[in-house]
Every structure is written in structure tokens, then in C-alpha cells.
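Participant: predicted model and sequence follow; I will ask about them next.
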Amino acid sequence: MQENFREFLGRLRDAGELIDLKQPVDIRHIATLVDQSDKALLFHNVIGYDMPVVSGIIRSRERATLSMGCRNYGEIEQKLKHAIDHPIAPMMVNTSHSREVIQTGDDVDLYQLPIPMSSIYDGGPMITAGVVIARDPQLGWNSGIYRFIVKEKALTGIDIVTPNNMRLFAQRAYEAGRPLPISISIGTHPLEIMASGYRAPLGVDEIQIAGGLRGAPVQLAPCETIDVPYIADAEIVLEGEILPTGWTWPEGRFGEFTRLMGGVHWNPLVRIRAVSRRKDAIYYALHMPWENTWLAAPTRYAAIRQALRTAGVTVKDINVTLGGCAFWHAVISIKKQPGEAKNAILAALSVMDLKHVVIVDDDIDVFNPMDVEWAIATRVQADRDVLIVTNARGKPLDPSLPPAPTGVVPTTAKMGIDATIGEGIPKERYERIAYAYADTAKIGDYVNGRADESGRAGDAMALADEILRVIDEKPLYYTEIAERFAQFDFRTVARALGDLHATERLWQDPEGRMCRRGSRFAAKPPGAIQ
Ligand SMILES: Cc1cc2nc3c(=O)[nH]c(=O)nc-3n(C[C@H](O)[C@H](O)[C@H](O)COP(=O)(O)O)c2cc1C
């Protein structure tokens, strides 16, 4: 798939998923309009700017699916998995349309870009869709998406409070007393956003995963002022350096993926050395949190599935829940061998940042919250089935953690709930209620007038003897007896069984089937001598 950003916008428009707003709109109104819209919005006339703004392009399950070129949302995970297993190295080109306008030095002016603010407590206009590329002399290439709040015409912060690879690169540069050059490509295809949002291990280049997603190399081109490439088909490219200031500048607040406002962060500064763009560039204002969430969830699936595969657990389904911010909670159904639910908990909780995991049997629908809660209610003994790990690596953005001193990354507790049927618990305790004749007696037919034939009334005493002969061979459930003698009306069958009971000939086997009292099938009362 060689589609670029604007071609994707065209596809969204054709699918009726993008609305063009041609009238003048104040940039201060953009965030709330996007929040209220069930379609992506392209603002052609943003008052005071000569550049349109698009937002909301992956803000729904449908648009996220479209952006990945998939037929359904679930397919995104498979596509990502394939890309991780089959990365494709990027290809260098000399230049690109993103170079049609270039500003360097004093001409750099971020205030010319229509960078909106988002939520009411934001610390300023915020760049949200920048795919950042950086290189560490020893560790190699890295890319990710990090937010930048504009502070001056050529100065921003960069939000790298989380212990991710970019933070490590910046930390190493800071310790060496040098700036870390970064390119920031804005208005790239969501395939690149998806790949760089994937938390690849150190040393794995996410741009190669983007190539795997595309099935073709991502084209990169050299920057003007720094020795780092940018994504060649981006709408706008910023060339900058993370300055060796350390984590000393207040930045924020930020609206987070948690759907909550984060606090003020202490971050480094970024000097912007050049801005280049297409002549007719479109500014992409990625709208938090949902434009993050829909593509973030599949990146979690891939990591969790990998961990469970390594643990040898047979997984049926995984739901990284939206209630868990598509980040912290997973419900996983497994085909369990004894003890494996606990192994599954250990494996899943090893995945970075996953905080709570519920393991269920494969008869539970992980996408149905009531089914999952039902499993927790009916299968869990808390002292046996809840595992808690303390002091694991945490995410500073977790609002439930107590405030930590500046620069200290707090640790977190993790919890796993084994909501599978416990070892040694009789399986028949989990037989679901099922109704006789469910296959043949259909309500639709009865509403349309279907009538049943009535069985005949008969001699209950004679029938009792006949029933006894049948259940002497094999005990039967009451409903099976009623069906076996369906030529009689139900009342005759019930009377016959009543007669057997009254004459002390009827009993039940341990499963509840009817049998002759005293026969080899008969259940023994508690405490009876065997
Ligand atoms: C839209 C979007 C915004 C993001 N904003 C930030 C951010 O401000 N700071 C941050 O640390 N991570 C942010 N992330 C998450 C990182 O991009 C993601 O964890 C990435 O995998 C980190 O890569 P790294 O470990 O290679 O640095 C964002 C992700 C998306 C998709």
C-alpha cells in the first residue's frame, strides 16, 4: 500500500467519513468541534492561517480500520503482527514534496503553522501527530510519537516523562552533554503512526515495521540542518534538537490517553532548526485521546499475544478493553491445561505497562463485560485466584500512583485475576441452564400460530411400570422421560412418576437422572455406608 496522507484523506471523503468545512473557523474552536463530530473534519479556512487543518481521521473504530486497509478492526492486529515479523528496511530518496517550502534559521516560525490547542488546561498549542526519528550512536534508530508544546517561535518542549526508548536516547545525549537531533514528520500516513506508536524493544526500528505494514519500504529523505532523515511524504517536517537541559522545564498540562488531564511535566526543550513543507500542506491535528486509542489497542494485542505464545499458553481471544484506556486492562480467554491460568497471568503482566489482567476459560466471551464479570463472580476465590505483584515498572501517567519526587519514575502494582474454573472443582457445577426442545420449539413459529398436538391421557399406573423398565436399563432425566413417552400428555407422565415415588420405587443417580430406588445407579445419601 503506497497511499500517502492526502490520498488517505481522499479515501475517507469517498467513504463519507470526512466532512469539508469551507467557511472561516477560529482555530480555538477546532478541538471541541472535532470532539462533537462523528466524522473527520477538514477545516479549509482557518482564520489567520494559510493552511488547512484536518483532525479526527482515526478517531473511530471504522476510520482506524480504513486507515490500516483492513476489512475489520480485529484484522489490524494480524497485520501488525505480520509487519513485526516481516519488517522492511526504509529506502532513502534525495528529496520530496515536503521540501517545497523551507525555512531555516531566523525564518523558522512555528506560529505560522495552525497548531491548535485542545483541552482547557493545555499548556499551549500542542503538536500531537509528529512522528519523531532519532539515532543514538550506539543504540541505533528509534521512532515514536511524542507531544510538543510550542513555547516560542522556534522552541518547544517534548513530553518524554515515560521511560521509553526516546527518553533513553535523550538521557544518554544529556549525560554526554550534547543535543539529540530529531526530525518531526507531521501529516504522515496512519501506517507510520501505528508503527511508531508500537513499543518496539530497543534496537528495533519502528520505521521498518511501518515498511512491513505497507509491504514496501518507507521512503525517507535527508533533513537540511541535522543528520537524521524525515518521512519523505509528510505534509510538514520540523528539524530540531532535544537540548541537553535535562528534565527541568515545566510543560503541560496534557490531555492524556487516560481521558484525564495529566499534570505539569518536567521535560527537556527542543530547538527547531528548520521547518519544511509542501506548498499546499495540510496540518494534521491529532485529537487526543481517541485518535491515540484506536490504533494503540492493536499494538497491545501483538505484545500480549507474543508473551503468551512464549509461555506456551493456548489463547482463544484477547480484549484490551476501552474501559482500561486500551492500555492497562486485558481480558484473555485460554484453552487451559491445569495451572496455565496462573502462567498466563505471569506472562501477560510481563508486558510493559499492562496493569490488570483477567484470565477466563474459552467458553467466556472476552468482548462481553457481563460474561467476564459472571466468570469473576462464579469462578474466583480471591485468596486463591488473585495475584498481586508489587513494585513493577510503572507509567508515570497513572493517576492512581502517589506523587513521586521530580525525576523519579514511580513503580506500580500489577494484578492478575484467574477467573477460570479452578483445578479440582467439578466441571458439572458449570453446566449452563439449557431448555428442553430449544432446537424445535421456536417462538417465531408460535407467534405465527403454530399449535402442538396433544398427547393422549393414559393409565398412569401402567405407564409407571413401563418407565421403570426403561430407567432400569439407563437412568434418564425427567425431561428425557417426558420426551420418550410424548405419546401421553405431560400430566399422565408426571402422575406415573409420582406413582413410582409414592410406591418408593423412584430414586435419582448422582447426576440427577431418574433411576430405580436401591438399584446400582442410585445415589447414596450423605453419610450412607457404601
Ligand atoms: C498520538 C500519540 C501521542 C503520543 N504522545 C506521547 C507523549 O507525549 N509522550 C510519550 O512518552 N509517549 C507518547 N506516545 C506513545 C509513544 O509514541 C509510544 O509509547 C512509543 O512506542 C514510544 O516509542 P519508544 O519506546 O521507541 O520511544 C504517543 C503515542 C501516540 C500514538
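Facilitator: Yes, it's here.

Participant: would you put the C-alpha positions of stretch 140-154 in CSV?
Facilitator: Listed next in CSV are the C-alpha coordinates belonging to stretch 140-154 (Å, rounded to 0.1, in the frame of the first residue of the first chain):
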residue,chain,number,x,y,z
GLY,A,140,20.7,2.8,16.5
TRP,A,141,17.5,4.2,15.2
ASN,A,142,14.3,4.9,17.1
SER,A,143,11.0,6.5,16.3
GLY,A,144,7.9,7.3,18.2
ILE,A,145,5.2,9.9,18.7
TYR,A,146,5.7,12.5,21.5
ARG,A,147,3.8,15.7,22.0
PHE,A,148,5.5,19.1,21.8
ILE,A,149,4.0,22.3,23.3
VAL,A,150,5.0,25.4,21.4
LYS,A,151,6.9,27.8,23.7
GLU,A,152,8.5,30.3,21.3
LYS,A,153,8.6,30.7,17.5
ALA,A,154,11.5,28.1,17.3
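
Participant: what comes up buried for that stretch?
Facilitator: 141-151, 154 (16 or more other C-beta atoms under 10 Å). In short, each C-beta sits where N, CA and C put it, glycine included.

Participant: in strands, which of these fall?
Facilitator: Counted as lying in strands by DSSP state E, out of the buried residues of stretch 140-154, are 141-145, 148-151.

Participant: how's the protein carved up into domains?
Facilitator: Annotated domains of the chain cover 85-287, 311-428, 443-516 [automatic domain parsing].

Participant: quick one on the thing from earlier: TSV for the ones in strands among the buried residues of stretch 140-154, including pLDDT?
Facilitator: Below are these laid out as TSV (pLDDT from 0 to 100):
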residue	pLDDT
Trp141	95
Asn142	96
Ser143	96
Gly144	97
Ile145	97
Phe148	98
Ile149	98
Val150	98
Lys151	98
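
Participant: for the closest residue to the ligand within the stretch 251-400 of the chain, what is the enclosing helix or strand?
Facilitator: Closest approach between the stretch 251-400 of the chain and the ligand, counting by C-beta to the nearest ligand atom: Asn292, at 4.0 Å. Here Asn292 sits within helix 290-310, counting by DSSP states H and E.

Participant: now do Arg259
Facilitator: Using DSSP H and E, Arg259 falls outside every helix and strand.

Participant: list the contacts of it.
Facilitator: Residues in contact with Arg259 (C-beta atoms under 8 Å, 6 or more residues apart in numbering) are 289, 325.

Participant: what about Glu453, neighbour count?
Facilitator: 7 (other C-beta atoms under 10 Å).

Participant: got the angle for the helix holding Asn292 vs strand 140-145?
Facilitator: 130 degrees (axes from the mean of the first three to the mean of the last three C-alpha atoms, to 10 degrees).

Participant: once you drop chain neighbours, what's closest to Asn292?
Facilitator: Phe257 (5.0 Å; C-beta to C-beta, 6 or more residues apart in numbering).

Participant: I'd guess that neighbour is in a helix, am I close?
Facilitator: No - Phe257 is assigned coil when assessed by DSSP: H, G, I helix; E, B strand; the rest coil, not a helix.

Participant: how many other residues sit next to it?
Facilitator: Considering only other C-beta under 10 Å, Phe257 is surrounded by 19 other residues.

Participant: tell me the bridge partners for the residue of the stretch 1-150 of the chain found nearest the ligand.
Facilitator: As assessed by C-beta to the nearest ligand atom, the ligand sits closest to Gly144 within the stretch 1-150 of the chain, at 3.1 Å. Counting by DSSP bridges, Gly144 is bridged to Val132.

Participant: list the contacts for it?
Facilitator: Neighbours of Gly144 in contact, by C-beta under 8 Å, 6+ apart: 131-132, 164-166, 196-197, 206.

Participant: next, count neighbours for Val34.
Facilitator: With other C-beta under 10 Å as criterion, Val34 counts 25.

Participant: average pLDDT across the helix holding Asn292?
Facilitator: Helix 290-310 carries an average pLDDT of 90.

Participant: for that helix, name the packing helices and strands.
Facilitator: If you count contacts as 3 or more C-beta pairs under 8 Å, 6 or more residues apart in numbering; DSSP states H and E, helix 290-310 packs onto helix 61-67, helix 74-85, helix 190-197, strand 314-320, strand 329-335, helix 340-349.

Participant: who in the stretch 1-150 of the chain is up against the ligand?
Facilitator: The stretch 1-150 of the chain has residues 128, 142, 144-147 near the ligand, with proximity defined as C-beta under 6 Å from any ligand atom.

Participant: run a quick neighbour tally on Cys276.
Facilitator: No, residue 276 isn't Cys; it's Ser. Neighbours of Ser276 using other C-beta under 10 Å come to 26.

Participant: with adjacent residues omitted, what lies nearest to it?
Facilitator: Nearest one to Ser276, counting by C-beta to C-beta, 6+ apart, is Ile102 at 4.4 Å.

Participant: the one you found: which element?
Facilitator: strand 101-104.

Participant: what pairs with the helix or strand following that strand, parallel or antiparallel?
Facilitator: Proceeding N to C from strand 101-104, the next assigned helix or strand is strand 126-127, under DSSP H and E. With DSSP bridges as the test, strand 126-127 is paired with strand 148-152 (antiparallel).

Participant: which neighbouring elements make contact with the next helix or strand after the strand it pairs with?
Facilitator: Counting by DSSP H and E, the next helix or strand C-terminal to strand 148-152 is strand 155-157. Counting contacts by 3+ C-beta pairs under 8 Å, 6+ apart, strand 155-157 is packed against strand 148-152, strand 269-277.

Participant: closest one to Val54 among the ones you listed?
Facilitator: For Val54, the closest of the helices and strands packed on strand 155-157 is strand 269-277, at 14.2 Å, according to C-beta to C-beta.

Participant: what comes up buried for the closest one?
Facilitator: Buried residues in strand 269-277 (16+ other C-beta under 10 Å): 269-270, 272-277.

Participant: before we move on, the earlier item: how much space separates the residue of the stretch 1-150 of the chain closest to the ligand from Glu256?
Facilitator: 16 Å (C-beta to C-beta, to the nearest Å).
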